[in-house]
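K.L.:
mind looking at a prediction? Sequence and model below.
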Amino acid sequence: MVDMLESFYKTAKPAAETHEWDAEDKAFKTQHFEQVKEQAAVYAELKEDLLKEIEFQKSTRTTAETTIYDLMCNNPTIHEEIEDEIERREWFKDIGLNAK
């Protein structure tokens with residue numbers, strides 16, 4: 001019995017199974033893969049920008065030694081907004097009181 005199985009094993013040449021990828025599915029997957037590569041490039045750029053922003057935030061962290069001048073230099077848009085509010089005499093604008 002073993003000899004018979006061994007001879008069958010040695011002489012057996014089954015046909016190879018072949019599978020064909022559906023052309024529509026292949027096109028969809030290829031398009032999706034290209035889209036993912038583009039997104040990865042965008043996220044890589046965002047990561048670089050975020051790392052720079054984190055370093056800036058760490059270097060300009062507010063402490064007990066931080067001066068008003070430091071705050072003005074680090075936040076120019078806020079400084080401009082405050083100066084504009086002072087010029088327009090909007091003293092209570094941000095605290096919820098309506099000055100009339």
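P.N.:
On my side now, so go ahead. Numbers count the residues shown, from 1 in each chain.
K.L.:
report pLDDT for residue 3.
P.N.:
With respect to pLDDT, residue 3 scores 90.
K.L.:
can you check the one 3 residues further on too?
P.N.:
At residue 6, the model reports a pLDDT of 89.
K.L.:
try residue 41
P.N.:
You'll see residue 41 listed with a pLDDT of 94.
K.L.:
and what of residue 10?
P.N.:
88.
K.L.:
in which helix or strand does it reside?
P.N.:
helix 2-11 (DSSP states H and E).
K.L.:
swap in residue 41?
P.N.:
Residue-wise, residue 41 maps onto helix 23-59 under DSSP H and E.
K.L.:
chain center to that helix, what's the gap?
P.N.:
7 Å (CA atoms, centre = their mean, to the nearest Å).
K.L.:
give the rounded mean pLDDT of stretch 48-58.
P.N.:
Average pLDDT, stretch 48-58: 92.
K.L.:
residues near residue 74, how many?
P.N.:
Using other CB atoms under 10 Å, residue 74 has 16 neighbouring residues. Yep, even glycine has a C-beta here, placed from its N, CA and C like the rest.
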